[in-house]
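S.K.: What follows is a predicted structure for the sequence shown.
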Amino acid sequence: MQFLAGIMIGLILSGSIGMAASAKEGDRTGFNRTHQEKRYDYFRERQQQQDVQNLYRQQQKEKADRTYRHQSC
């Protein structure tokens, strides 16, 4: 499970780095994004950050469950 979570986090981070690099390149070439496009990018990035945080919390919960042998109902 940790392996899959690690892969997902890696994919999210590599995707966001790639998007950031392409956004910077677009700014250098004179590509002007509209206000709505910038707003969409903000919320997409925010959702990605929340996804990473949720994956991290889930990993921590699974680790604690294994460590303390908690059994969910």
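M.R.: Noted; the coordinates are in hand.

S.K.: Give me the longest helix you can find in this structure.
M.R.: For the chain, the helix reaching the highest residue count under DSSP state H is reported as helix 35-68.

S.K.: Who are the packing partners of it?
M.R.: On a contact count with 3 or more Cβ pairs under 8 Å, 6 or more residues apart in numbering; DSSP states H and E, helix 35-68 meets helix 2-28. Where you see a C-beta, it was placed from the backbone N, CA and C, and this is true even at glycine.

S.K.: Enumerate every residue touching the residue most central in space within the chain.
M.R.: For the chain, the residue sitting closest to the mean C-alpha position, by Cα atoms, centre = their mean, is Q48 at 3.4 Å. Contacts for Q48 (Cβ atoms under 8 Å, 6 or more residues apart in numbering) come out as 12, 15-16.

S.K.: quick one on the thing from earlier: in the longest helix of the chain, what's buried?
M.R.: Residues of helix 35-68 classed as buried by neighbour count (16 or more other Cβ atoms under 10 Å): 52, 55.
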